[in-house]
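Novice: give the three-dimensional model of this entry:
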Amino acid sequence: SAFAAPTKPVTIDLGTGTAKNKEEMVFSKDKLTVKAGSKVTIHFKNNSTSKGMTHNFVLVKPGKAQGVIDASVAADPDKGWVADSADIIAKGKLIDAGKSEKIEFTAPTEPGDYPFVCTFPGHATMKGVMKITK
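Specialist: From the prediction side, this is the model:
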């Protein structure tokens, strides 16, 4: 039929660090693929064991990662190092070592490569891409 079937909800497990090194400042996956417009739940876990090693997940519009990172590093720590920006699609809270959280949002309807980053100052190595497909 001409009507698009509703997309299935997607659940993604995303962590920090690598299997070898939980302290490494990287996301456990740097490529995620999601259908446009689907309901997304990300179970995000900070796998670090170092006290004070906090991480977040921030999904931004294509080409906007650096701008959001720069604005977030300049943001008030009370805001959890996340800028108030129209370029942010979804964001979680800063979570402490060993903690996890659930981030729920609707995927963009426009296909493309949407970067995700950790906006904590100095954590710019933590980045990936969520590919939104038709």
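Novice: CA only for contacts and neighbour counts going forward, please
Specialist: OK.
Novice: so how far is residue 32 from residue 130?
Specialist: Residue 130 is 5 Å from residue 32, where distance means C-alpha to C-alpha, to the nearest Å.
Novice: okay, the two: which has more neighbours?
Specialist: residue 130 (20 against 16; other C-alpha atoms under 10 Å).
Novice: run through the bridge partners of the more buried one.
Specialist: Beta bridges link residue 130 to residue 32, residue 114 when assigned by DSSP bridges.
Novice: I figured it hits residue 117, correct?
Specialist: No. Judged on C-alpha atoms under 8 Å, residue 130 makes no contact with residue 117 at a distance of 10.6 Å.
Novice: residue 70 belongs to a strand?
Specialist: No. Judged by DSSP: H, G, I helix; E, B strand; the rest coil, residue 70 forms no part of a strand; its state is helix.
Novice: so how far is residue 119 from it?
Specialist: Residue 70 is 8 Å from residue 119, by C-alpha to C-alpha.
Novice: so for the two, which sits in the more crowded spot?
Specialist: Applying other C-alpha under 10 Å to residue 70 and residue 119 shows that residue 119 carries more neighbours, namely 29 against 15.
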